[in-house]
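*Asks:* okay, sequence plus prediction incoming.
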Number of protein chains: 2
Amino acid sequence: MRPRVLVVEDAEPIRTAVGIALTEAGHDVRTRADGAGFERELAEYRPDLVLLDVMLPGRDGFELLTVARETSNAGVILLTARDGVDDRLHGLRTGADDYVVKPFVLAELIARVEAVLRRMGRLRSVLAVGDLEVDVEARAVRRGGAEIELTATEFKLLAFLAGRAEKVVGKTQLLTAVWGYDDYADNLVEVYVSGLRRKLEAHGPRLLHTVRGSGYVLRS
Amino acid sequence: MRPRVLVVEDAEPIRTAVGIALTEAGHDVRTRADGAGFERELAEYRPDLVLLDVMLPGRDGFELLTVARETSNAGVILLTARDGVDDRLHGLRTGADDYVVKPFVLAELIARVEAVLRRMGRLRSVLAVGDLEVDVEARAVRRGGAEIELTATEFKLLAFLAGRAEKVVGKTQLLTAVWGYDDYADNLVEVYVSGLRRKLEAHGPRLLHTVRGSGYVLRS
DNA sequence: ACCGTTGCTGAGGATGTGCTGAGGGTTTCG
DNA sequence: CGAAACCCTCAGCACATCCTCAGCAACGGT
């Protein structure tokens, strides 16, 4: 489930740019030009995070911040052209989770958005290859909705391969990365690839391909 | 109970000034000049918030940040003279809760400290996992309406796990976070997990799952 | 088509990892 | 001061997982 972000910003170019950047970063985004119907939007869309411009026509960002705090538990980031310490203090005291000053680099805004989401526990680092998802923190693997149970070694192997999806990985490389050996040992890798395939292919077509003479690739 | 703040900063004047300012603002403060014995300090003092200078003799702030994230639930604010966007991004990506650039106005630092504390209170006062509720402040645990009585150690363990719901937590990590040990000691963790399960599962299905070879997860 | 090389897979014993009941030392509380 | 609760250690059991082995299949160059 992707995190939902609500953006309220009157300047059209910024609103669009932020919307696109956040969407590309893998979030679900909804944008608005002013604070009209803000309460309804909060209730319906249930965002995990709200990005609020401070200077808005009608109700300003501080007012909306208060509303958001009272009626939801979304995180809030304020967005403003002003740079005085007083405004920053005001924003933080009112309870914003973060504060970004215009003009800002888009990459930093994204980083702050994700920092707040991560802190709230709404962001996971998930590696995806085709319909396969590898959640490293939860140590969980899903394919097409189904949860796949892996042993410790199988998971290490898959995580390593998923981390370099589309790239061919040699057996020696796998042995050092997963087992810590520095020389070749029997057919260890083959045995584990075999086991991994059996579990993975119970829920779909082959993802872990053999590249004869070189190693293995993970791709769809 | 006043919030505890741990300050790690090598420059003496700043360390003192920050210490005094935070104390006057009503916090319990402890200061250190470097990262030596940081793990022990975390385990003993159990700060709610850690202020870390990025440029420290010995281990730098980023390193300490990682340690703090792994073994405590404390919030973290980075404190630095550098102002490059790259450093800010690095700090936020690594998971800092906030980032203050020197030179800073003391009032702003205090405001940020309190913003982070407030945010943590809002997010962490009652942790919920499935039908389980862990109220950290009241030191109470409920499941499906029934109150569950836990010993001090059991509660610490559960609270730590609940703070990282859905994430796999290693035994070593638990030992440092809950017991303050830095190396593996017998099967302490297993014994307490066992006891915790008995109490938790008297009111519902398993929530505290074993992930063989990795650790434990709390999820429904 | 042949044959050496490379890769696949099922089986099984050794090992590792986790679970639990019991008990002694210590602290807390009445 | 005594009892209860609690913390930690220990030891035995259960079983999942790891790795080796051996035979078979697939591939590709000649």
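*Replies:* Everything's here; your move.
*Asks:* any idea how far DNA strand D is from residue A:205?
*Replies:* 15 Å (C-beta to the nearest atom of the strand, to the nearest Å). To be clear about C-beta, it is placed using only N, CA and C from the backbone, and glycine gets the same treatment.
*Asks:* burial count for that residue?
*Replies:* 9 (other C-beta atoms under 10 Å in any protein chain shown).
*Asks:* just confirm it is within a helix.
*Replies:* No - Residue A:205 is assigned coil when assessed by DSSP: H, G, I helix; E, B strand; the rest coil, not a helix.
*Asks:* how near is it to residue A:131?
*Replies:* From residue A:205 across to residue A:131, the span is 9 Å (C-beta to C-beta, to the nearest Å).
*Asks:* go on, residue A:79?
*Replies:* With C-beta to C-beta as the criterion, residue A:79 and residue A:131 are 36 Å apart.
*Asks:* who's more crowded, these two?
*Replies:* residue A:79 (25 against 14).
*Asks:* tell me which residues touch the more buried one, please.
*Replies:* By C-beta atoms under 8 Å, 6 or more residues apart in numbering or on different chains, the residues touching residue A:79 are A:9, A:51-54, A:61, A:100, A:102, A:104.
*Asks:* farthest residue from the center of chain A?
*Replies:* residue A:186 (39.0 Å; C-alpha atoms, centre = their mean).
*Asks:* between the contacts of residue A:79, which has the most around it?
*Replies:* residue A:51 (28 neighbours).
*Asks:* ok, what's across the strand from that residue?
*Replies:* residue A:7, residue A:77 (DSSP bridges).
*Asks:* and residue A:29, what does it touch?
*Replies:* A:4-7, A:19, A:22-23.
*Asks:* show me those residues that map onto helices.
*Replies:* A:19, A:22-23 (DSSP state H).
*Asks:* what about the helices in chain A?
*Replies:* A:12-24, A:38-45, A:61-71, A:85-94, A:106-119, A:152-163, A:171-174, A:188-200.
*Asks:* list the helices and strands the fifth one packs on?
*Replies:* Yep, that's helix A:106-119 we're talking about. helix A:12-24, strand A:49-53, strand A:75-80, strand A:98-101, helix B:85-94 (3 or more C-beta pairs under 8 Å, 6 or more residues apart in numbering or on different chains; DSSP states H and E).
*Asks:* can you list the buried residues in the first one?
*Replies:* Of the residues in helix A:12-24, those buried by neighbour count under the rule 16 or more other C-beta atoms under 10 Å in any protein chain shown are A:14-15, A:18-19, A:21-22.
*Asks:* with stretch A:53-71 instead?
*Replies:* Result for stretch A:53-71 [16+ other C-beta under 10 Å]: buried residues A:53-54, A:56, A:61-65, A:67-69.
*Asks:* how about stretch A:115-127?
*Replies:* A:115-124, A:127.
*Asks:* same check on stretch A:190-204?
*Replies:* Going by 16+ other C-beta under 10 Å, stretch A:190-204 has these buried residues: A:192-193, A:196, A:199-200, A:203.
*Asks:* pLDDT value on the closest residue to chain B within chain A, please?
*Replies:* Proximity of chain A to chain B (C-beta to the nearest C-beta) peaks at residue A:152, 2.9 Å away. The model reports residue A:152 with a pLDDT of 97.
*Asks:* contacts only, for the closest residue to it other than its chain neighbours.
*Replies:* Distance criterion C-beta to C-beta, 6 or more residues apart in numbering or on different chains; nearest residue to residue A:152, sequence neighbours excluded, is residue B:213 at 2.9 Å. Contact analysis of residue B:213 by C-beta under 8 Å, 6+ apart lists A:151-153.
*Asks:* sweet, I'm off.
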